[in-house]
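Asks: When you get a sec, could you give me coordinates for this:
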Amino acid sequence: MSFVARLLEWLVGPLLFVWLISLGATFLTARDIVERALDDRLNTVAHVLRDHIYRDQIAQGLPEQMNPSTLRWLNAHVDYPISYLIGFESGPVLAGDDALVPYLSITDSPVLELPERLDDRLLRGFNAARGDHFVRVLRARIDRIGTRNVFLVLTQARDREDGLLRSIMLREAMPQSLVLVASMFLIWFGVRYASRPMHQLKREIDSRVADDLRPISPASAPAELSPLINSINAFMKRLAVARDAHQRFIADAAHQLRTPLATLRTQVEVVQNAASEAERHQALTSLDRTIERVSRLSAQMLSLARAESSSVTGELTEIDLVDTCAEVAQDSLTAAMGKSIDLEFVRPARRVRLRAEPTLLGECVRNLLENAIKYAPTDGSVRLAVHADPPRIVVEDSGPGIDPADRERIFAPFARTPRQDPSSGHWVAGSGLGLAIVREVAMLHRARLEIERSDLGGARFVLTFPREERDVFSLQ
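Replies: The predicted structure follows:
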């Protein structure tokens, strides 16, 4: 649903509700006015009947033959005649229409006393059904003889009043409906006018090419959209940084692959042109080392790309951190033994459970161990320790360590610190991607990565996981 449609829904709904409330209030007010007018006429007739029929004639014992003339007087020039009945609550009937006898003994209606003067108090009647019509009934006590009450009952059909009520409602509903329609049109026009800057902003963004990540000017949108525009601009800035890093990575990867591929080509030619079996064997050995280097470089490039994309697509599962690190230490044991390095694995006193991406976390620990073994001297020491409180991984070695000035730079892709193996004198080979993968995996798991000086003499890498978030890890 569009913003305009949603806003109209929230505005038109309450407006319709207010319109219905207004119609209901108008109906109640109009009905009260109509019924008061009808009750006013019935009160007038009640006073006439009490003073001129009951007190002057019936109470004095005069004959009832005067009733028809009284009825003709009451209903002269009236489309809906008034019927009346005078009698005791439980009978007998003194005068009037015998059909109104049921209204004499109503028990659930309060006893109303007809006042002496017409302008003292207006008695309210009630509505009732009589045959196929609704009538207005006025029941009032006009005398008390001993313990018996004398009641006067008046009825008149409501047809004229109901027609008047419908006419009033029609006259009131028409202008209110017109106001409603006009209000809805004004709301629609106002919402469309207010949303025009958003459409202009949409057109501006749609007109940009894919690599145009310039900030959006807040001046082109209302002030209410400024926080959204600021967030979009911040996101585009991060996207631009990621794009530039990606482009640099591609350029560096192409550069890094160009050298070993050229070497492969040269070594293949050497193999083809070898003059002796010994020379061919040496060339094949060099070719195998180069292929292994290219294979390792490609694998690490894929691992780095996967680590960078896992922040969006990765899915964390619960793993045992101790078992994961023990498996990596076991895999690295052969490389450590090749340099006569003492590889130590320190377990915590209890198990450590983490929500992690198991493959990437294993690759992270493997890279840290490979670096430690690579830079540690022959007959040196490497230690892998897992701690439970807080959950962290520590990898340290007895190598030359890392200068504080280089501790941030070495995490960039293809960034390397040239080192010589003190035992062999050869330069330590590497692609410069291992620590970049470690940093990406740490960011994926919201872990803190620190470099310190080890008590073994070399570098100490500490990967600390957040202990305050239960959805990241748990301890058992």
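Asks: Which strand or helix spans the closest residue to residue 411 other than its chain neighbours?
Replies: Using Cβ to Cβ, 6 or more residues apart in numbering and skipping residues adjacent in sequence, the residue nearest residue 411 is residue 439, 4.5 Å away. All C-beta atoms are positioned from the backbone trio N, CA, C, and that covers glycine. Assessed by DSSP states H and E, residue 439 sits inside helix 434-444.
Asks: Ok, residue 160 next?
Replies: Going by DSSP H and E, residue 160 is in helix 159-194.
Asks: From the contact counts, what lies against that helix?
Replies: With contacts defined as 3 or more Cβ pairs under 8 Å, 6 or more residues apart in numbering; DSSP states H and E, the packing partners of helix 159-194 are helix 3-49, strand 133-145.
Asks: among those, which is nearest residue 341?
Replies: Across those, residue 341 has its closest neighbour in helix 3-49 (64.1 Å, Cβ to Cβ).
Asks: Kindly calculate the angle that the closest one makes with helix 159-194.
Replies: Between helix 3-49 and helix 159-194, the angle comes out at 160 degrees (axes from the mean of the first three to the mean of the last three Cα atoms, to 10 degrees).
Asks: and the angle for helix 3-49 with strand 133-145?
Replies: Going by the same axes, to 10 degrees, helix 3-49 makes 40 degrees with strand 133-145.
Asks: packing partners for helix 3-49?
Replies: Helix 3-49 sits against helix 67-74, strand 82-88, strand 133-145, strand 148-157, helix 159-194, with contacts defined as 3+ Cβ pairs under 8 Å, 6+ apart.
Asks: And this protein, split by domain according to the record?
Replies: Under the assignment automatic domain parsing, the domains of the chain span 3-167, 315-475.
Asks: what about residue 94, which helix or strand?
Replies: Following DSSP H and E, one finds residue 94 within strand 93-96.
Asks: Using PDB, write out every CA atom in the helix or strand following that strand.
Replies: Later in the chain than strand 93-96, the nearest helix or strand by DSSP H and E is strand 126-130. The C-alpha trace of strand 126-130 is given here as PDB (Å, rounded to 0.1, in the frame of the first residue of the first chain):
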ATOM      1  CA  PHE A 126     -43.900   7.000  25.700                       C
ATOM      2  CA  ASN A 127     -44.100   5.100  22.400                       C
ATOM      3  CA  ALA A 128     -46.100   2.000  22.000                       C
ATOM      4  CA  ALA A 129     -47.500  -0.200  19.200                       C
ATOM      5  CA  ARG A 130     -51.200  -0.200  18.500                       C
END
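Asks: follow-up on the earlier one: tell me the most buried of the domains of the chain?
Replies: Ranked by mean neighbour count, those are led by domain 315-475 with a mean of 18 (mean count of other Cβ atoms under 10 Å).
Asks: low-scoring pLDDT stretches of the stretch 51-200 of the chain, where are they?
Replies: Across the stretch 51-200 of the chain, the ranges flagged by pLDDT under 70 are 59-79.
Asks: If you could redo that for the stretch 301-450 of the chain, that was the one I meant.
Replies: Along the stretch 301-450 of the chain, segments meeting pLDDT under 70 span 301-315, 413-432.
Asks: Include distance to residue 286 when you put the domains of the chain into JSON lines, please.
Replies: Formatted as JSON lines, the domains of the chain follow (distance: least, Cβ to Cβ, whole Å):
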{"stretch": "domain 3-167", "distance to residue 286": "66"}
{"stretch": "domain 315-475", "distance to residue 286": "13"}
